[in-house]
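Novice: Please find the sequence and the predicted model below.
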Amino acid sequence: MNAPADLRKGAGPGVSRLLRFLRPYRLPAAAAVVLVFLQSLAELFLPTLMASIVDEGVVFGDTAHIVRIGAVMLAVAALGSAASVLAAYMASRVSAGFGRDVRDEVFRRATYLSVHDFDHFGTSTLITRTTHDVTQIQHVVYTGLRMMVSAPMMIIGGLIMALSKDVPLTLVLVGAIPVLAAVIAAIARKAMPLFTVLQQHVDALNRVVREGLTGIRVIRAFNRTGYEARRFRQAAVDLAETGIRVHRITAALMPSMMLILNMTIVAVMWFGGIRIDQGHMPVGDLMAFIQYVMRIMFSLLMVSMIFVMLPRAVASANRIAEVLEAVPESDGALPWAGPPLRQAAVTFENVTFCYPGAEEPALAGVSFQAAPGETVGIIGGTGAGKSTLLHLILRFYDATEGRILVDGVDVRDWPRDALRAHIGWVPQKALLFKGTVGDNIRFGQDDASEDDLRRAAEAAQAMEFIAALDHGFDALVEQGGANFSGGQRQRLTIARALLRRPAIYLFDDSFSALDFKTEARLRQALRRETAGATVFIVAQRISSVMDADRIIVLDQGRMAGMGRHEELLETCSVYREIAASQLAEEVMR
């Protein structure tokens, strides 16, 4: 698959890469900040108005002053409430849009990852990073636009207003705030590493659940339900224990905060009472001062909540950044703008391939040429490298040594989209997608007509059971094709490849679930449908490849022989052993 230019360039530093997703939302984010600022101003103004009511209205019995200032308080409170609602709306728009864009980018990049990178990450962790991790960051964006903006304003504005009421009494805050900051920093430092471990346990739990659900038939067939339940329980216990450790640490934050807050208020009331008794401070100002202290302390409490959320969000951001920073493999530079070719010769020149981290190569020194119109059978024992050979043609992996040529051009010079447009691939595991039968066959060619579908289905020997379905090509296919048998799934995937009419066909052990009679009819139909194309058939059964123009015998990644069926029976001992284990004596003659 040809990765877009923005993906090929790489993603840049982790967290800064995520911050770029906020650029389209600068205006609503700025609006949210302005609205939060107005809300904070309103909340800071209210205690001063209340002090005025007490000191100038209640003390002197001035009812008109009380009514007038009370009306102003109502107006200020209404303004603050309106600003709060609008700020929440803007913050929601920004966070929801941000989450959508990040999720889309992570999914896009995952689809362009190399097979090696995809294997490195794993399906379960990619799902978790696309869903759970993005949600964590989305919550922090929303909270940040509200609390991260509001809290500093309330702290700074509260300190200024408290100083305006009584400077000596503000010394109580000077002693309380550093203690509070030290508690928050200590808890955040202990909690941050555990949040990374917590996300890893979420991945592990998702993996166990996915394996348990997708393999439920095998699990039940081997009576391993209890074993899988114990695996799930262990993964859940690991997640729970780590979660308990994290929340045990963060749970200490709230009581510590409330203790410091209450002690601060008691100290303010104690020393404030002394100040009032000495005539240095009116009662209304003390009431306002207490309100400012509470606002400052609660703002610090909000900051502490952010610090609790932030380590988990940072862990999630780093995990997402790993995916965003995974640069797809370099693509070919050969320009391509036309339709796929109808003929394509495939040449292997001393090809060696070793999987990352493997001690021995999966293929070593493989050389042969397949001409257009030729059918090449590939046979060998389990792990001989048969499927790997096809994967190299598709450029799922690139050869470690040697070259693979298509029409005389190294496959590494072909853009992946162009190369794969020439190929019709039937994978070893017949994979169908949720939708209809017609949708799954059209996966090979979107604009195919009903006649094209019928032709491909008939050639794949699938038309008989499709016609028997209630809705024919419109019959529903469950996820993974669970409502079809293995042989039906194989025939549908073969029809999908035939619909494309490509220049190269790759059949990866695609007839294993078919009975011999159906396979014989299918091979006869394939000879008509694939005339002029280069065909590779990987098989375990000799009957699937014995009519091929050429058969390649692989043994532990190396070519043990090459030729027609009759020739290999005489010249290749590996082939003779396979034949002896599968064919009757009269067939071997």
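Specialist: Nice, I can see it. Computed from a prediction, not measured in an experiment: that's the story for all the values here.

Novice: C-alpha only now, for contacts and for neighbours.
Specialist: OK.

Novice: Show me how this protein divides into domains.
Specialist: 10-324, 342-422+502-583, 430-500 (automatic domain parsing).

Novice: Put together JSON lines for those, with mean pLDDT and mean neighbour count on each row.
Specialist: Below are the domains of the chain laid out as JSON lines (pLDDT from 0 to 100; neighbours: other Cα atoms under 10 Å):
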{"stretch": "domain 10-324", "mean pLDDT": "82", "mean neighbour count": "18"}
{"stretch": "domain 342-422+502-583", "mean pLDDT": "88", "mean neighbour count": "19"}
{"stretch": "domain 430-500", "mean pLDDT": "88", "mean neighbour count": "19"}
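
Novice: What's the first helix or strand after the helix or strand in which residue 320 is found?
Specialist: Secondary structure from DSSP states H and E places residue 320 in helix 283-324. With elements assigned by DSSP H and E, the helix or strand that comes after helix 283-324 is strand 346-353.

Novice: Just after the helix or strand harbouring residue 242, pick out the following helix or strand.
Specialist: Using DSSP H and E, residue 242 falls within helix 225-251. Using DSSP H and E, the helix or strand that follows helix 225-251 in sequence is helix 253-277.

Novice: Now do that next one: everything it contacts.
Specialist: 169, 172-173, 176, 180, 183-184, 187, 281-283, 286, 290, 293-294, 297, 301, 304 (Cα atoms under 8 Å, 6 or more residues apart in numbering).

Novice: and if you look at stretch 143-155?
Specialist: When contacts are defined by Cα under 8 Å, 6+ apart, stretch 143-155 is touched by residues 29, 32-33, 36-37, 40, 44, 87-88, 91, 295-297, 299-300, 302-303, 306.

Novice: Quick one: end-to-end length of that stretch, please.
Specialist: 17 Å (Cα to Cα, to the nearest Å).

Novice: Start the count at 883 instead of 1 going forward.
Specialist: Yes, from this point I'll number from 883; that puts the last item at stretch 1025-1037.

Novice: chain center to stretch 1308-1326: distance?
Specialist: The chain centroid and the centroid of stretch 1308-1326 are separated by 23 Å, computed with Cα atoms, centre = their mean, to the nearest Å.

Novice: residue contacts, the closest residue to residue 959 other than its chain neighbours?
Specialist: Closest residue to residue 959 apart from its sequence neighbours, by Cα to Cα, 6 or more residues apart in numbering: residue 924 at 6.6 Å. Residues in contact with residue 924, defined by Cα under 8 Å, 6+ apart, are 958, 959, 961, 962.

Novice: Inside helices: which ones of those?
Specialist: When DSSP state H defines the helices, the subset of these inside them is 958, 959, 961, 962.

Novice: Out of those residues, flag the one nearest to residue 1437.
Specialist: The closest of the ones in helices among the contacts of residue 924 to residue 1437 turns out to be residue 962 (Cα to Cα; 77.4 Å).

Novice: separation between that closest one and residue 1041?
Specialist: Distance of residue 962 to residue 1041, computed by Cα to Cα: 20 Å.

Novice: How about residue 1008?
Specialist: 46 Å.

Novice: and what of residue 1449?
Specialist: In terms of Cα to Cα, residue 1449 sits 94 Å off from residue 1041.

Novice: go on, residue 1234?
Specialist: Taken as Cα to Cα, the span from residue 1234 to residue 1041 is 71 Å.

Novice: just residue 1078 next, same as before
Specialist: Counting by Cα to Cα, the gap between residue 1078 and residue 1041 amounts to 36 Å.

Novice: can you confirm the residue nearest to residue 959 is in a strand?
Specialist: No: per DSSP: H, G, I helix; E, B strand; the rest coil, residue 924 lies outside any strand segment and is helix.

Novice: Would you check how far apart it and residue 1093 are?
Specialist: Distance, residue 924 to residue 1093, using Cα to Cα: 55 Å.

Novice: and what of residue 1310?
Specialist: For residue 1310 relative to residue 1093 (Cα to Cα), the value is 19 Å.

Novice: How about residue 1113?
Specialist: Taking Cα to Cα, one finds residue 1113 at 11 Å from residue 1093.

Novice: do the same with residue 1228
Specialist: Distance of residue 1228 to residue 1093, computed by Cα to Cα: 38 Å.

Novice: Likewise for residue 1451?
Specialist: According to Cα to Cα, residue 1451 and residue 1093 sit 43 Å apart.

Novice: again with residue 987
Specialist: Distance from residue 987 to residue 1093, by Cα to Cα: 26 Å.

Novice: close enough to count as contact, residue 1375 and residue 1308?
Specialist: Yes: using Cα atoms under 8 Å, residue 1375 makes contact with residue 1308 at a distance of 6.0 Å.

Novice: what about residue 1434, which helix or strand?
Specialist: strand 1432-1437.

Novice: repeat for residue 1312
Specialist: Following DSSP H and E, there is no helix or strand that holds residue 1312.

Novice: ok, and the closest non-adjacent residue to it?
Specialist: residue 1372 (5.3 Å).

Novice: Please, which helix or strand holds the one you found?
Specialist: Secondary structure assignment for residue 1372, by DSSP H and E: helix 1368-1382.

Novice: Quick check: the gap between residue 1422 and residue 1251.
Specialist: Relative to residue 1251, residue 1422 is positioned 22 Å away (Cα to Cα).

Novice: Hmm, I typed the wrong one, I wanted residue 1168.
Specialist: Distance, residue 1168 to residue 1251, using Cα to Cα: 93 Å.

Novice: With residue 1321 instead?
Specialist: Distance from residue 1321 to residue 1251, by Cα to Cα: 35 Å.

Novice: Next: residue 1118.
Specialist: Distance check for residue 1118 against residue 1251: by Cα to Cα, it reads 53 Å.

Novice: Kindly export the strand holding residue 1434 (C-alpha atoms) in CSV.
Specialist: As requested, the backbone C-alpha atoms of strand 1432-1437 are provided in CSV (Å, rounded to 0.1, in the frame of the first residue of the first chain):
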residue,chain,number,x,y,z
ARG,A,1432,6.4,-26.2,-13.1
ILE,A,1433,6.6,-27.3,-9.5
ILE,A,1434,9.1,-25.7,-7.0
VAL,A,1435,10.0,-28.0,-4.0
LEU,A,1436,11.1,-26.1,-0.9
ASP,A,1437,12.8,-27.7,2.0
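
Novice: Point out the other helices and strands that the helix or strand just after it packs with.
Specialist: Downstream of strand 1432-1437, the first helix or strand assigned by DSSP H and E is strand 1440-1445. Here strand 1440-1445 touches strand 1245-1252, strand 1432-1437, helix 1447-1453, going by 3 or more Cα pairs under 8 Å, 6 or more residues apart in numbering; DSSP states H and E.

Novice: Lovely, talk soon.
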